[in-house]
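Student: Based on what follows, work out the 3D shape:
(one chain, ligands or ions: 2)
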Amino acid sequence: ASEAGDHDLVIIGGGVAGYVAAIKAGQEGLKTACIEKRGTLGGTCLNVGCIPSKSLLNNSHLYHQILHDTKKRGIEVGDVKLNLTQMMKAKDTSVEGLTKGVEFLLKKNGVDYLKGAGSFVDANTIKVALNDGGEQTLRAKNIIIATGSEATGFPGLEIDEKRIITSTGALALTEVPKKMTVIGGGIIGLEMASVWSRLGAEVTVVEFLGQIGGPGMDAEIAKQAQKILGKQGIKFKTSTKVVSGDASGATVALNIEAAKGGKEEVLDSDVVLVAIGRRPYTEGLNLEQVGIEKDDRGRLVIDQEYRTKLPHVRVVGDCTFGPMLAHKAEEEAVAAIEYIKTGYGHVNYAAIPSVMYTHPEVAWVGQNEAEIKASGVKYRVGTFPFSANSRAKTNLDTDGVVKFIADAETDRILGVHIIGPGAGEMIAEATLAIEYGASSEDIARTCHAHPTLSEAFKEAAMATYSKPIHF
Ligand code: FAD
Ligand code: NAD
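Tutor: Numbering: from 1, shown residues only. Ligands and ions are numbered 1, 2, ... in the order given. Predicted coordinates for the structure are as follows:
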């Protein structure tokens with residue numbers, strides 16, 4: 001084993017959390033090494049998450065629109081054919097470009113990038129089992145663990161990524177399944193259900209709860225999402241649980257029943273996607289050796305400054321507390337470096353947006369109505385439908401609504417929930433408003449360009465304390 005020189009910082013994991021920390025550390029002049037075992041940088045997000053899923057969502061939407069939504073617009077198209085191999089290639093090209101871009105950024109910022117698996121030898125020593133064989137040992141003043149998360153499996157269903165798949169398999173199918181069942185109606189389930197349903201699969205989503213959308217989505221918005229996605233052809237079985245499965249036959253048979261118990265029913269499909277959540281991934285780090293703790297859900301335990309029991313070892317991203325989102329990981333990575341460099345850092349967990357990239361998109365920030373109600377705070381709701389927005393009408397794309405929730409006494413914005421075209425971009429304005437402690441009147445008195453979808457945002461704010469103009 002070769003000894004490298006000492007580092008100010010060694011980062012284990014080159015996902016969004018790890019690579020952003022590495023770039024920021026390089027910018028701050030820390031001698032930094034980043035260890036990643038995947039062979040490419042960018043982690044789940046760039047390789048098998050955010051980026052490939054958005055490529056397939058965008059292109060499957062275009063395909064679906066060309067098939068079903070052109071005539072009324074005065075566009076007559078001839079023979080429309082799906083070339084799945086090319087659609088996958090387009091996705092791979094985006095992924096490759098971005099992961100290589102990250103590698104370039106690490107180099108540009110003077111970060112040593114080691115391809116291999118990192119593990120603790122002692123509190124300041126990390127051993128790297130190099131992908132190409134051999135070992136390297138690094139000594140570090142500071143260490144950041146950013147090893148991310150993995151899909152949670154379903155007991156009794158063995159993942160082969162062909163017939164029983166996680167999101168990783170769902171991003172790489174080589175043909176469109178005839179029938180596909182999705183276990184879990186959270187964000188992954190609904191994004192992947194959209195892709196494959198648009199490409200021609202008959203998709204059924206089985207969700208344990210009475211509502212789709214996963215944790216956080218406002219109930220009213222989730223209801224609309226289910227209705228709209230239902231119209232697009234996705235079938236839903238909510239308040240339903242999968243009891244067991246059998247993949248030994250020509251199709252995969254799932255036994256399902258009502259969540260509260262009842263008669264079993266068999267659901268046959270060619271492909272089953274397991275999308276019931278993700279869990280922290282910290283295997284092989286040898287954490288026991290140095291006494292770093294996990295909670296009962298496998299999350300690495302940290303304090304407000306991201307420090308473990310060992311104050312020079314910090315944790316950011318999916319393998320610790322908080323929502324498993326790339327932009328949350330990125331904020332934490334920057335803050336962790338600032339703590340190391342200056343002793344001060346900051347992430348506002350009350351202003352982290354969520355976006356589901358279906359069509360229409362669903363996006364929200366702050367608390368949902370049920371959470372606000374439970375908190376006992378008096379609140380007012382203002383809504384504005386896209387069907388009353390001029391741009392949405394012009395675009396013949398009017399499904400959805402903007403919903404503002406503000407404190408009844410102070411008018412301070414507590415939450416914004418949007419389902420509609422461009423919701424994912426529009427939520428940035430709500431996030432900024434919450435970050436600045438804005439009131440709904442602050443938004444409503446801000447001039448928004450006409451004709452834009454963002455006028456629906458302004459008018460929902462107006463509806464919160466007064467009346468909207470156009471509805
Ligand atoms: P990861 O991205 O998981 O990166 C951790 C890295 O560490 C991995 O590359 C792993 O190989 C490496 N590693 C682990 N152990 C070791 C070790 N011992 N040595 C060396 N390397 C190691 N989030 C969004 O915000 N928007 C989206 O649109 C979105 N879409 C998603 C779609 C899908 C299908 C999935 C699965 C997730 C999506 N997410 C999305 C979530 C997002 O991908 C994660 O929140 C994000 O990747 C977390 O970053 P991370 O760096 O903490 O972990
Ligand atoms: P999730 O927690 O969002 O949703 C899982 C869903 O499965 C929940 O609705 C849950 O009630 C349901 N469920 C759980 N067990 C079940 C069972 N046995 N039978 C039926 N339903 C069951 O998890 P996910 O969708 O797998 O996503 C994982 C993580 O990845 C999330 O944290 C998510 O934020 C992140 N992600 C984000 C995006 C995005 O931001 N666009 C996209 C994909 C993934």
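Student: Every contact and neighbour count from this point should use C-alpha atoms.
Tutor: Fine.
Student: Assign a three-state SS to residue 253, would you?
Tutor: Counting by DSSP: H, G, I helix; E, B strand; the rest coil, the backbone at residue 253 sits in strand.
Student: Apart from its chain neighbours, what residue comes closest to it?
Tutor: Excluding the flanking residues, the one nearest residue 253 by CA to CA, 6 or more residues apart in numbering is residue 268, at 4.6 Å.
Student: Helix or strand next in line after the host helix or strand of the one you found, which one?
Tutor: Using DSSP states H and E, residue 268 falls within strand 265-269. Sequence order places strand 271-274 as the next helix or strand after strand 265-269, per DSSP H and E.
Student: what packs against the helix ranked longest in the chain?
Tutor: Looking across the chain with DSSP state H, the single longest helix is helix 84-108. With contacts taken as 3 or more CA pairs under 8 Å, 6 or more residues apart in numbering; DSSP states H and E, helix 84-108 sits against helix 16-27, helix 43-48, helix 50-68, strand 112-122.
Student: Determine which stretch of the ones you listed is the most buried.
Tutor: Among the helices and strands packed on helix 84-108, ranked by average contacts under mean count of other CA atoms under 10 Å, first place goes to helix 16-27 (a mean of 27).
Student: next SSE after that one?
Tutor: strand 32-36.
Student: Spatially nearest residue to residue 200 (excluding sequence neighbours)?
Tutor: Nearest to residue 200 is residue 176, by CA to CA, 6+ apart, at 6.8 Å.
Student: how many neighbours does residue 315 have?
Tutor: Burial measure for residue 315: 30 neighbouring residues, criterion other CA atoms under 10 Å.
Student: what residues are up against the residue nearest to residue 253?
Tutor: 179, 251, 252, 253, 254 (CA atoms under 8 Å, 6 or more residues apart in numbering).
Student: so the first one sits right up against residue 270, yeah?
Tutor: Going back to what we said before, that points to residue 179. Yes: contact criterion CA atoms under 8 Å: residue 179 and residue 270 qualify, at 5.4 Å.
Student: What parts of the chain come near ligand 1?
Tutor: 12-18, 35-38, 43-45, 49-50, 53, 116-119, 146-149, 167, 188, 284-285, 317-318, 324-327, 329 (CA under 6 Å from any ligand atom).
Student: and ligand 2, which of the residues you listed reach it?
Tutor: Restricting the residues of the chain next to ligand 1 to those touching ligand 2 (CA under 6 Å from any ligand atom) yields 188, 324, 325.
Student: Which residue, other than its chain neighbours, is closest to the second one?
Tutor: Pointing back at residue 324 there. Residue 324's closest residue in space is residue 318 (CA to CA, 6+ apart), at 5.1 Å.
Student: just checking, that neighbour is part of a helix?
Tutor: No: assessed with three-state DSSP, residue 318 is coil; it does not lie in a helix.
Student: And for it, the neighbour number?
Tutor: 27.
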